[in-house]
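Colleague: my questions concern the predicted model and sequence given below.
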Amino acid sequence: MGSSSKTVYETTNQAQTSELPKWQEDYIRNQIMPKATALSTAEYKPYTGQTVAGLSPLEQQVQTNLAKADFGQPQYQQASNVFSELSSMTPEQYNAMTMQNYNPYQQNVISAADTAQQNLRAQQRLQENEMISKSNAFGGSRADVYQGARQGAFETGYLQTMADLMSQGYDKAQAQTMAQLAGRGQAAGSLADTTTAGNQALMQGFQGQLGAGQVARSIEQAQLQADMAEFDRAQAHPLQQLNALLAGGGAIPGGLGTVNTSGSSNQTTSGGSNVLSTLGSLGQAGASFGMFGSPAQVASLGAR
């Protein structure tokens, strides 16, 4: 630009010169060109900071607790085993359970009733023998008939009494068995329900902690985004400075540094201010298309 700042134009009749004023040349040489050269040769500078916030300590704690939680699996398994056992019970197992409930009744009620009946019959025999002795019929056929009739009546009543007691006892044993099975099923169901309620409460607590942890992470993410935005502004600052210089060049009046020639076959007009006006237009375009551009745009400008 130093040797080409003065241009000679030849016409058919004369030669004329037009040159930039010194201050215009200095403005381009010292202000615009160094800045443009620096931008065009600058290497791309990537952002090396963190861009995504990691899990907050509270979120990490929740994840750890979730991994350790068994969510009542032993309790569910225990309830499931009970239901499986009840659903697969065979008639033999049912009868065995009923007899277990019947045996105490047999020992405590039926055996006692049998002893009472036998004692009663023994007392009756004594009374019968006494009556036979008094009637002098002891050892005779009348005694045998009498004692046989009394024995038959006793046995009939005895058997009926024992049968009734045994039937009552078995009915009670069956009822007790059914109540025991129902109780086991209800206990297993209650265990499962309680475990489910506990799991729901546990998950609600985890969700609350996750919500609090997400708030902390969002604050950190906002700070990271602010850091990236500040980096972008710093990268765009040199381009903003160049755009300002180019825009300043566009404000120089068009007549400065211009020589006009007329009356010849060839009329030429040359002026440094037109150069600055052109640069100024570029500055305005730069302002329109990225005066506040991103680092990627700055790198793109340098690549040209």
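Modeller: Noted; the coordinates are in hand. This one's a predicted model, so the numbers in the text were calculated from it and none came from an experiment.
Colleague: tell me which residues are up against the helix or strand where Leu86 lies.
Modeller: Using DSSP states H and E, Leu86 sits in helix 73-87. Helix 73-87 has contacts (CB atoms under 8 Å, 6 or more residues apart in numbering) with Leu181, Arg184, Gly185, Ala187, Ala188, Gly189, Leu191, Ala192, Thr194, Thr195. All C-beta spots, glycine's among them, are computed from the backbone N, C-alpha and C.
Colleague: helix or strand right after it?
Modeller: helix 91-105.
Colleague: for that next one, C-alpha coordinates in PDB please.
Modeller: Only the C-alpha atoms of helix 91-105 are listed here, as PDB (Å, rounded to 0.1, in the frame of the first residue of the first chain):
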ATOM      1  CA  PRO A  91     -56.200 -83.300  50.800                       C
ATOM      2  CA  GLU A  92     -53.800 -85.400  52.800                       C
ATOM      3  CA  GLN A  93     -52.100 -82.300  54.200                       C
ATOM      4  CA  TYR A  94     -55.400 -80.700  55.000                       C
ATOM      5  CA  ASN A  95     -56.600 -83.900  56.900                       C
ATOM      6  CA  ALA A  96     -53.300 -84.100  58.700                       C
ATOM      7  CA  MET A  97     -53.700 -80.500  59.900                       C
ATOM      8  CA  THR A  98     -57.300 -81.100  60.900                       C
ATOM      9  CA  MET A  99     -56.300 -84.200  62.900                       C
ATOM     10  CA  GLN A 100     -53.700 -82.100  64.700                       C
ATOM     11  CA  ASN A 101     -56.400 -79.800  65.700                       C
ATOM     12  CA  TYR A 102     -58.700 -82.700  66.600                       C
ATOM     13  CA  ASN A 103     -56.300 -84.600  68.800                       C
ATOM     14  CA  PRO A 104     -56.400 -82.100  71.700                       C
ATOM     15  CA  TYR A 105     -60.100 -82.300  71.700                       C
END
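Colleague: packing partners for the following helix or strand past that helix?
Modeller: Where DSSP H and E defines the elements, the next helix or strand beyond helix 91-105 is helix 111-134. Here helix 111-134 touches helix 141-249, going by 3 or more CB pairs under 8 Å, 6 or more residues apart in numbering; DSSP states H and E.
Colleague: before we move on, back to that, quick one, the helix holding Leu86 and helix 141-249 angle?
Modeller: Interaxial angle, helix 73-87 versus helix 141-249 (axes from the mean of the first three to the mean of the last three CA atoms, to 10 degrees): 140 degrees.
Colleague: so where's the stretch 1-150 of the chain uncertain?
Modeller: Low-confidence segments of the stretch 1-150 of the chain (pLDDT under 70): 1-18, 107-110, 128-147.
Colleague: okay, now Gln225: neighbour count?
Modeller: 13 (other CB atoms under 10 Å).
Colleague: and for Asn65?
Modeller: Around Asn65 there are 13 residues (other CB under 10 Å).
Colleague: please apply the same query to Gly249.
Modeller: By other CB under 10 Å, neighbour count at Gly249 equals 23.
Colleague: report pLDDT for it.
Modeller: We have a pLDDT of 72 for Gly249.
Colleague: could you number the chain from 824 rather than 1 from now on?
Modeller: Right, with 824 as the first residue, what we last looked at is Gly1072.
Colleague: hmm, it is touching Met856, no?
Modeller: No: in this structure Gly1072 lies outside contact range of Met856 using CB atoms under 8 Å: 11.5 Å.
Colleague: which residues are in contact with each of these two?
Modeller: Counting by CB under 8 Å, 6+ apart, nothing touches both Gly1072 and Met856.
Colleague: which secondary structure state does Gly877 sit in?
Modeller: Of the three states, Gly877 takes coil under DSSP: H, G, I helix; E, B strand; the rest coil.
Colleague: which residue is the nearest non-sequential neighbour of it?
Modeller: Nearest non-adjacent residue to Gly877, counting by CB to CB, 6 or more residues apart in numbering: Arg1040, 7.6 Å away.
Colleague: tell me the secondary structure for Pro869?
Modeller: Going by three-state DSSP: Pro869 is coil.
Colleague: and if you look at the one 5 residues further on?
Modeller: Reducing the assignment to helix, strand or coil with three-state DSSP, the entry for Thr874 is coil.
Colleague: what is the burial count for it?
Modeller: 11.
Colleague: what of the one 3 residues further on?
Modeller: Gly877 has 11 neighbouring residues, counting by other CB under 10 Å.
Colleague: no more questions from me, cheers.
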